[in-house]
Structures are given as C-alpha cells and as structure tokens.
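Asks: Sequence plus the predicted model coming up.
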Amino acid sequence: MGKLFGTDGVRGIALSGLDCGTVMRLGKAVGAFAAAEKGGRANIVIGKDTRNSGDVLEAALTAGICSAGADVHILGVVPTPAVSYLTDLYQADAGIMITAGSSSAEYNGLKLFSKTGFRISAEVQDKLEMLVADDSRQSLSVSGSRIGRIHYCEQAEWDYIRRVVRSTQCDLRGIKVALDCANGAPARYAKRIFEGMGASCVAVGCQPDGMNINSGCGVNDLSLLKQTVTERHCDIGLAFDGDGSKCIAVDERGEKLDGDKLLAIFSKFLKVQGKLHGGTVVATVMSNYGLTQFGEREGINITTSAVGSGTVIDRMLRFGCNLGGEKNGHIIFLDFERTGDGMVTGVRLLEVLKRTRRRASELGAVMEECPQIAVNVPIPESKRELWAEDEGFREMVSDYKKRLGHDGRIIVRESGTEAVVRIMIEGKRTGVITEYAQNLAAKLDEVVNTKTEKELAAAEMLREIREETDNGLSVLPILKAAK
C-alpha cells in the first residue's frame, strides 16, 4: 500500500483511487486509535461537502468506525472548518471531513482532526497508516454491545453559523458583497451568514448537483465572480472553495485579491490595532516576493513555511503567531480558529472594509506583486518523485537559477494532493520568467513521458543513495520540505 496522507489529508479519485475498502479500513483504524487514546468508547464527528461520492464514502467510513467500537455523529453537509470547531464543541475524540477541497468532483478525500480541533499530527498519521496496512487489522473489530452507534447532529448548521458570526462584532450593513460558493458546502451557509450580519448579498455558485463543485466557479475560476461584482455594482466579491476552507476576493473593479494580498491587508489592520502577535505573519515558500517587500516597508516580519496549511499552523504555533496563510486563499486566524475558514476570512475582510472606510481596491494597493509564473505539469502516478532525478532537468533548473541570481527565484515541487509537479518562477522581467517556465514544463513533460522502466529503476536507486548521503541538488530539499 502506498502512503495514504499527503499535504492535505487523504485524497484520490473517488471509488477507484480512494476506494470504499480503504476508507472503511481507515475508519476502523481511527475508531480503534481514538478508543485506545481515550481508554473507552470514543465519539467521532463526520462532515462532508456536496460531491456525489460523499454519501458512499460516508457510509464506508461510518461502518469502519462503528465496527471498531466508536460512535459516529453525522454533521451532514458542512464546511471543513465546521468539523474542526464542532469536534471541540461537542467534546468528540476526533473529527473527519469528507472532501477534496478545491479539486474537481471526481476527487474526494478525508481530512482528520484531533479532539482539540487541530489537524492530526504526522506521528498520528503514521500510526493510522500502520493500522490500515496491518494484516491483522480484523482484530480491531468488536462485536455485540460494543459495536458503535450512529447519531445525527441536527443543530450542527446553526452551531457553526453562530460561531462565524461571533468572529467579529462589526455590523456589515452598507456593504454589498457578491458570494461565489463554488457549488459546494458554502452554498448552504454563506448567504445566511453575511445577510444575517447586515450585508446585502448577491450569491452565485449555489446550485450543487454533486458534480459541479468547483467547476467554472469559486477560487478555481474567478470569472463568474468578477462579472457579478462589476455588473451588479458590488463593493467586493468573495470566492470560496468546495469545502469552505479558502477565500479569495475581488475588489469593486473585479481585480483579484489573493491570499498574499489578504495577508498584507489583515496584518496591517491588526498591527494598527496592536493585535498582530509578535509583529509576524507566516506565509509559505510559494508566496509572492511582493509580500516580503510589503513586510519590510511596514515593519512586519514575514516568515515562510513549506506548502500546506498544516505546516503553516505548525510554524504559527512555534512562533506564537495569530495570522498566517497561503497564496491560494487559505487564511488562518489562530486566536479564533484552528484551521482556515473561508467564511471567517470573508467576514473579517468586510470588517476591515467597513472600519477603514476604504474601497477594496485601496486595501489591495497595500502590496505590489512581483511578476510570477506558475505552471502545473501532470505526471503519471508511477513516476512520482523519480522525475527529480533527471540530470538534464536538474541542470536546466540550476542554469536558470544562476541567470536569475538575486532578482528572482525558482521553486519546483511535487503536489501532495494531485499527480502534478508545480513550477513557480519569479523575476523582474515577465517575458524571461515565462520563457523559463515554459521550457522547464516542456522538459519535464519530456522526462516523464519518455523514461523507460530500466531508467526509472536506476533513478530510484540513485535517489535512495542521495537521501542516505544527504547530497542532493537544491531542488530536492525544496521538494522534501513542500510535501
């Protein structure tokens, strides 16, 4: 069995890559582990987004958990942050969200939370994987009166909505906001929350049919939101992803305010209020260099982590920070929540808009982006990691880095959630970095589509040797850190 957990939980093509048997075994492992940690009958909450595979995977997960002697509490369709919050509120022993975030409908996955509401640690992930892979896993099953029961949480929606509303004391009356709910879990919550706080709302992406989640809408495609904002004369637009963990905004002119710009806006606002802990913000290695330049200008320290909300939160906890996030719109206010919440991000952004009495475009002008090109290159599952051993590709990366010098940077990393390699290049000249990105993408595509099995075996051996001697080229530490 391959490694289950990536940078954002467990993910795969629903019912083929991520099959019911695997999900059931993982559920059994979670139930048994939680019961052992508690020393008695465990309680586990489960939420899901709007994918049509969610019901099937929920059934498999529930069967596995109950067969291990733990009780399941079904939340229904809720955003991922609701699972984090309600796990703690309901004093459950673990929480599981069935979602693939901003991925398309054919994907699904599992995000696991501890009883504190934080994502489970890498150590717990390893223990769960061992339980799932253990040939004696059937010994985890119980019988008779020890079999777990299923409960349905009828108040889950309103418990979560009240939580988001409490994220600010600001009245949002006078603000007209467009909401793109990505045909996902936010479709059941966003308009109720923002209208309940006084804003005038125009909602799109609110017709989930099980297959249209994140399709042509939400954080993946802002065109619908931009059109809605400009045609309906909104003050601002907010786009969410399918599980409600991310938020990206557009200003009144339809210009994008991504996660980096949101971090700049929030950090300056919190600093003025004296509420930015340690004067520090945690971003990632994929954040635009313009964010670093903004920090230097405003006297705000920008520190970076590897990609992934879990690594961002780990660094925030380590340095005592209360603000962090990613360019993709995953923003974390650690003094209020334990994972990113797109609706909390949106509510707080509207609070900044209201309290500063400035236009959204004026808020976004606080940070100037450096030219940046990002390219995703699909790779076969069988060639994960091995592509990085190609000498020709490595030499091309090294050469381009030397040419850019201190005026730019190149990051090449394999996604932890999809079978793609992400190439990101920054530099002063858009034409140059575009050419470099295209050349690297073409070279990588050639590598992954022409390697023979013999060459791949040799590359795997070379990788193991290099890992043992800790003598890899510069691209390899980036890959390891970003997974």
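Replies: Cool, got the structure.
Asks: From residue 142, how far off is the residue lying closest to residue 34 once chain neighbours are set aside?
Replies: Leaving aside its chain neighbours, residue 34 sits nearest to residue 42 (3.7 Å; criterion: Cβ to Cβ, 6 or more residues apart in numbering). C-beta here means a position set from N, CA and C on the backbone, and glycine is covered the same way. Taking Cβ to Cβ, to the nearest Å as the criterion, residue 42 is separated from residue 142 by 12 Å.
Asks: quick one on the thing from earlier: give the contact list for the residue nearest to residue 34.
Replies: For residue 42, the contacting residues are 31, 34, 35, 69, 70, 71, 93, 94, by Cβ atoms under 8 Å, 6 or more residues apart in numbering.
Asks: do the same with residue 123
Replies: Taking Cβ under 8 Å, 6+ apart as the contact definition, residue 123 lies against nothing.
Asks: quick check, it in a helix?
Replies: Yes: membership of residue 123 in a helix is supported by DSSP: H, G, I helix; E, B strand; the rest coil.
Asks: and it, what pLDDT?
Replies: Taken from the predicted model, the pLDDT recorded for residue 123 is 94.
Asks: what does residue 8 give?
Replies: We have a pLDDT of 81 for residue 8.
Asks: rewinding a little: mutual contacts of residue 42 and residue 142, please.
Replies: residue 69.
Asks: picking that back up, mind telling me the two of the contacts of residue 42 farthest from one another?
Replies: Of all pairs drawn from these, the one with the largest separation by Cβ to Cβ is 69 and 94; the distance is 13.5 Å.
Asks: hmm, back to that, among the contacts of residue 42, find me the one that's closest to residue 294.
Replies: Proximity of the contacts of residue 42 to residue 294 (Cβ to Cβ) peaks at residue 94, which lies at 38.6 Å.
Asks: How confident is the prediction for that closest one, by pLDDT?
Replies: Model confidence at residue 94, expressed as pLDDT, equals 98.
Asks: need the contact list for it.
Replies: Residue 94 neighbours (Cβ under 8 Å, 6+ apart): 30, 34, 42, 44, 45, 87, 112, 113, 114, 115, 120.
Asks: Columns distance to residue 255 and pLDDT on top of the residues you listed, output as a markdown table?
Replies: Written out in a markdown table, the entries for those read as follows (distance: Cβ to Cβ, whole Å; pLDDT from 0 to 100):
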| residue | distance to residue 255 | pLDDT |
| --- | --- | --- |
| 30 | 43 | 97 |
| 34 | 46 | 96 |
| 42 | 48 | 98 |
| 44 | 43 | 98 |
| 45 | 39 | 98 |
| 87 | 37 | 98 |
| 112 | 37 | 98 |
| 113 | 35 | 98 |
| 114 | 39 | 97 |
| 115 | 42 | 97 |
| 120 | 38 | 95 |
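Asks: From those, which land in strands?
Replies: Among these, the subset assigned to strands under DSSP state E consists of 44, 45, 112, 113, 114.
Asks: Please, which helix or strand holds residue 421?
Replies: For residue 421, the host element (DSSP states H and E) is strand 420-426.
Asks: mind listing the strands for the stretch 351-483 of the chain?
Replies: Remark: strands assigned in the stretch 351-483 of the chain by DSSP state E, counting those that start in this stretch are 372-378, 409-414, 420-426.
Asks: would TSV of those with distance to residue 400 be doable?
Replies: Shown next, in TSV, are these (distance: least, Cβ to Cβ, whole Å):
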stretch	distance to residue 400
strand 372-378	12
strand 409-414	6
strand 420-426	8
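Asks: Adding mean pLDDT, write the ones you listed out as CSV.
Replies: Shown next, in CSV, are the strands of the stretch 351-483 of the chain (pLDDT from 0 to 100):
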stretch, mean pLDDT
strand 372-378, 90
strand 409-414, 90
strand 420-426, 92
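Asks: For residue 313, which of those is the nearest?
Replies: Each of the strands of the stretch 351-483 of the chain has some distance to residue 313 by Cβ to Cβ; the shortest is strand 409-414, at 19.0 Å.
Asks: could you check the angle strand 372-378 makes with the strand holding residue 421?
Replies: Angular relation of strand 420-426 and strand 372-378 on a 0 to 180 degree scale: 160 degrees, by axes from the mean of the first three to the mean of the last three Cα atoms, to 10 degrees.
Asks: residues of strand 420-426 that come out buried?
Replies: Neighbour-count burial for strand 420-426 flags 421, 422, 423, 424, 425, 426 (criterion: 16 or more other Cβ atoms under 10 Å).
Asks: ok, and the closest non-adjacent residue to the fifth one?
Replies: Leaving out its chain neighbours, the residue that sits closest to residue 425 by Cβ to Cβ, 6+ apart is residue 433, at 4.4 Å.
Asks: For the one you found, the count of nearby residues, please.
Replies: Residue 433 is flanked by 23 other residues according to other Cβ atoms under 10 Å.
Asks: contacting residues around it?
Replies: With contacts defined as Cβ under 8 Å, 6+ apart, the neighbours of residue 433 are 371, 372, 373, 404, 408, 425, 426, 427.
Asks: Check residue 447 too.
Replies: Contacts of residue 447 (Cβ under 8 Å, 6+ apart): 387, 390, 392, 393.
Asks: And the residues you listed, which of them are buried?
Replies: When burial is judged by neighbour count using 16+ other Cβ under 10 Å, the buried members of the contacts of residue 447 are 387, 390, 393.
Asks: could the residues you listed go into CSV alongside distance to residue 340?
Replies: Below are those laid out as CSV (distance: Cβ to Cβ, whole Å):
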residue, distance to residue 340
387, 30
390, 35
393, 33
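Asks: Show me how the chain divides into domains.
Replies: Domain ranges of the chain: 5-155, 173-364, 372-482, per automatic domain parsing.
Asks: In CSV: the ones you listed, plus distance to residue 164.
Replies: Listed next are the domains of the chain as CSV, based on distance: least, Cβ to Cβ, whole Å:
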stretch, distance to residue 164
domain 5-155, 8
domain 173-364, 5
domain 372-482, 26
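Asks: my read is residue 286 is in a strand, agree?
Replies: No: read with three-state DSSP, residue 286 is coil and lies in no strand.
Asks: State the distance from it to residue 387.
Replies: 19 Å.
Asks: Equivalent analysis for residue 74, please.
Replies: From residue 74 across to residue 387, the span is 41 Å (Cβ to Cβ).
Asks: Next up, the contacts around residue 115.
Replies: 87, 88, 91, 92, 93, 94.
Asks: Please identify which of the contacts of residue 433 is nearest to residue 439.
Replies: residue 425 (10.2 Å).
Asks: related to what we said a few turns ago, looking at the contacts of residue 115, which are in helices?
Replies: Judged by DSSP state H, those include 87, 88 as members of helices.
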